[in-house]
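>>> Please work out how this folds:
(one chain, ligands or ions: 1)
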Amino acid sequence: MFSKILIANRGEIACRVIKTARKMGISTVAVYSDADANALHVTMADEAIYLGPSASKESYLVAEKVINAALKTGAQAIHPGYGFLSENAEFCRMCADNNIVFIGPPVGAIEAMGSKSAAKTIMEKANVPLVPGYHGDDQSPIIIKQAADDMGYPVLLKAAAGGGGKGMRQVWSENEFDEALAGAKRESLSSFGDDHMLVEKYLTKPRHVEIQVFCDNFGNAVYLFERDCSVQRRHQKVIEEAPAPGMSEALRAQMGESAIKSAQAIGYQGAGTVEFLLDEDGSFYFMEMNTRLQVEHPVTEMISGQDLVEWQLRVASNEPLPCAQDELKINGHAFEARIYAEDPNNDFLPATGKLTYLLPPQESEHVRVDTGVRQGDEVSVFYDPMIAKLIVWDENREKALQRLSKSLMEYRVKGVTTNIDFLYNLASAQPFKNAELDTGFIEKHQDLLFPDTTVDLKEKLPICALYLVLKQAQDAANAAKHSNDPNSPWHTTNAWRANEGNVHRFEVVCNEQTHCVEVSQIQRSNETHYQVKALGITRQCQGHIINDQLFAVVDGHRMTATIADNQQQYSLFSQDGVTHFSKVDYAQAQQDEDSNENALTAPMNGTIIDLLVDAEQAVEKDQPLLIMEAMKMEHTIRAPQAGIVNEFYYQAGDLVDGGSVLLDFKGDA
Ligand code: ADP
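Modelled structure (predicted):
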């Protein structure tokens, strides 16, 4: 076994590989760019080598720099993770030339699967079922169109060099064909420098089912069952699960053996994934083979009890596979949800920013969080905006799905927009619970996944208002319990105001809309009742809070909801999705405004460019005092009022953290 390996990657996968290496007593070398100088993967590794600027083409993608880092530190092998150089045949060759083991398949296997057309030709020869189509060398448009006409529409055009859904076009009829072909070729040429196309029958309701395979250097091969990755947005996976719902033992064995046949056809070694489309009638077709560890490998680990990175390290160091096929068993069910910094309501546009607050759910034998970031880290424009992979396991699909919903409820992120609500909506959608899966799931269920949040505010707003009142009472009762004078009138929570009766009137921000609510408190014998008036409707309510559960009765309707407290921004989770709410706190708003007025703090991490006035010099209101640069933009810090700067705490050229106080300012009285 190796004594030291280098991980040519970043983020969660670098951390994931380091964990297993550490468990096996192997030293690790991380690599990093400017943006990642203090990243989690760097702090976890035993050593780390700087590669270059933040842009990956100047750091993580520069093969020579990575090889040199391995040579310099004496790493005997390189784990490429996924993405970056993981499927780069040239990099794999360079490793061999420098006597470094590439923890992955042989060069020939990467090359064979590099082109979708060439891969299909190989698989055809190996009798692996293919989606009907044309993947020949003759690229004349007439030939390609003839193939499409012969198999009948709809068809799917794909770039042979494609990936990430680029150079792909659905064609629904003969007369759309020429334009679609020209468009797909253009896109492929600009993305991959190659416009070789293939055409396939377009399956209208397939599932994406992939098989995890493993081969060693002694001719042994096994499959570690399947993963269902049908839930996709823009042909990218969102939630994956294992095993695939409804999979029969016979079909599993058939697909598994086909996958092994595919791997053996290209002399495979190590971890690989054979992707299939599974049609409604149970037919399955080879789509492509990914010659690396997949993002979604943890669901396979959870149901098989195996550590796939350990397997990779063993195979790469020339050990036989740890298990034979008949020793592998499926245990329970696992889901993986990819937590992204992105805005599902804006076409899943990636988001960036500082993770000002980050609290993942507690890890246990049921819940695993694979991540590469900590609170305070930046999701930057340079890399994939994935925050974490949330993986859950339980003994069956229903229980595992409940765990998924619960863990999503517990995931707290502030500072960047995330897809957590969207994932929660997905996990709670009835068709998903029923496992009605196909690759069009998200498009088909837009109404459930992107609910019109304004419609049901009439139902949700009173519950939110009731919660806020109960929470305030609970907080006050807790404060009283811990004070010296529990009976002090200052701890009363019944909103008593002179001449106003027992009424709370406040504003609630609910799904980004602000509404005024009025809650009257009525004491009947020993019970407190509330009359909640919101959106012109008055409701009779009662309720209490235990931990994060709200037990409420609204007009005779008893209900339970989970409330997440994300620093006084609350989320109400119910069967039909998430509602976000908070109480408008005028005192806090005023305080923010006041402190902003005198806040001479750095707005974000950056560098001081220039000090524009001398200490103890009189300045006017709004006079520029200091310039700093952050995120390639200059920010001017101005005098909040007339006064003097007693002292600057930094000089030009100094680095400052966001929030640091920059200078001591004294305003004229
Ligand atoms: P890429 O390499 O660009 O990601 P793939 O060939 O892996 O492209 O396909 C991505 C997704 O596109 C699949 O998971 C599936 O949802 C869809 N897809 C691919 N081929 C077909 C087909 N013939 N019919 C229907 N859907 C397809």
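>>> Which pLDDT does the model give Ser660?
We have a pLDDT of 79 for Ser660.
>>> check contacts around it.
By C-beta atoms under 8 Å, 6 or more residues apart in numbering, the contact set of Ser660 is 601-602, 649-650. For every residue, glycine as well, the C-beta is placed using N, CA and C.
>>> And it, how far from the ligand?
To the ligand, Ser660 is 44 Å away according to C-beta to the nearest ligand atom, to the nearest Å.
>>> One more: Ala669?
Distance from Ala669 to the ligand, by C-beta to the nearest ligand atom: 66 Å.
>>> any idea how far that residue is from Val645?
Distance of Ala669 to Val645, computed by C-beta to C-beta, to the nearest Å: 16 Å.
>>> okay, the two: which has more neighbours?
Legend: neighbour count by other C-beta atoms under 10 Å for Ala669 and Val645, higher for Val645 (24 against 4).
>>> Please confirm that that one is located within a strand.
Yes. Assessed with DSSP: H, G, I helix; E, B strand; the rest coil, Val645 lies in a strand.
>>> wait, it sits on Phe665?
Yes. The pair Val645 and Phe665 qualifies as a contact (C-beta atoms under 8 Å) at a distance of 5.7 Å.
>>> overlap in contacts of the two?
625, 639.
>>> Please name the bridge partners of Lys533.
Beta-bridge pairing for Lys533 (DSSP bridges): Glu518, Thr538.
>>> Tell me how many other residues surround it.
So Lys533, with other C-beta under 10 Å, has 17 neighbours.
>>> swap in the one 4 residues further on?
Ile537 is flanked by 12 other residues according to other C-beta under 10 Å.
>>> Quick one: name the residues of the stretch 51-200 of the chain near the ligand.
The interface of the stretch 51-200 of the chain toward the ligand, taken as C-beta under 6 Å from any ligand atom, is made up of 131, 156, 162-165, 200.
>>> Kindly reformat these as a markdown table containing pLDDT, secondary structure and neighbour count.
Converted to a markdown table, these look like this (pLDDT from 0 to 100; DSSP: H, G, I helix; E, B strand; the rest coil; neighbours: other C-beta atoms under 10 Å):
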| residue | pLDDT | secondary structure | neighbour count |
| --- | --- | --- | --- |
| Val131 | 93 | coil | 25 |
| Leu156 | 96 | strand | 19 |
| Gly162 | 85 | coil | 24 |
| Gly163 | 81 | coil | 16 |
| Gly164 | 76 | coil | 10 |
| Gly165 | 77 | coil | 12 |
| Glu200 | 95 | strand | 23 |
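>>> Would you point out the most distant pair within those?
Val131 and Gly164 (19.1 Å; C-beta to C-beta).
>>> contacting residues around stretch 243-260?
128-129, 207, 209, 211, 213, 215, 221-223, 225-228, 274, 276, 278, 282, 284, 286, 303, 330, 333, 397, 435, 437.
>>> 7 Å - rerun?
128-129, 209, 211, 213, 221, 223, 225-226, 228, 274, 276, 282, 284, 303, 330, 333, 397, 435, 437 (C-beta atoms under 7 Å, 6 or more residues apart in numbering).
>>> could you flag which of the residues you listed are buried?
128-129, 209, 211, 213, 221, 223, 225-226, 228, 274, 276, 284, 303, 330, 333, 397, 435, 437 (16 or more other C-beta atoms under 10 Å).
>>> Restricted to helices, list the contacts of stretch 243-260.
Using DSSP state H, 303, 397 are the members of the contacts of stretch 243-260 that sit in helices.
>>> Identify the residues contacting the nearest residue to Ala244 once chain neighbours are set aside.
Spatial nearest neighbour of Ala244, chain neighbours left out: Asp228 (3.8 Å); criterion: C-beta to C-beta, 6 or more residues apart in numbering. Asp228 sits next to 207, 209, 240-241, 244-245, 437 when contact means C-beta under 7 Å, 6+ apart.
>>> quick one: which of those residues sit in strands?
207, 209, 240-241 (DSSP state E).
>>> Now render those as a markdown table, adding distance to the ligand and pLDDT.
A markdown table is the format used below for those (distance: C-beta to the nearest ligand atom, whole Å; pLDDT from 0 to 100):
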| residue | distance to the ligand | pLDDT |
| --- | --- | --- |
| Arg207 | 9 | 98 |
| Val209 | 10 | 98 |
| Glu240 | 11 | 98 |
| Glu241 | 15 | 98 |
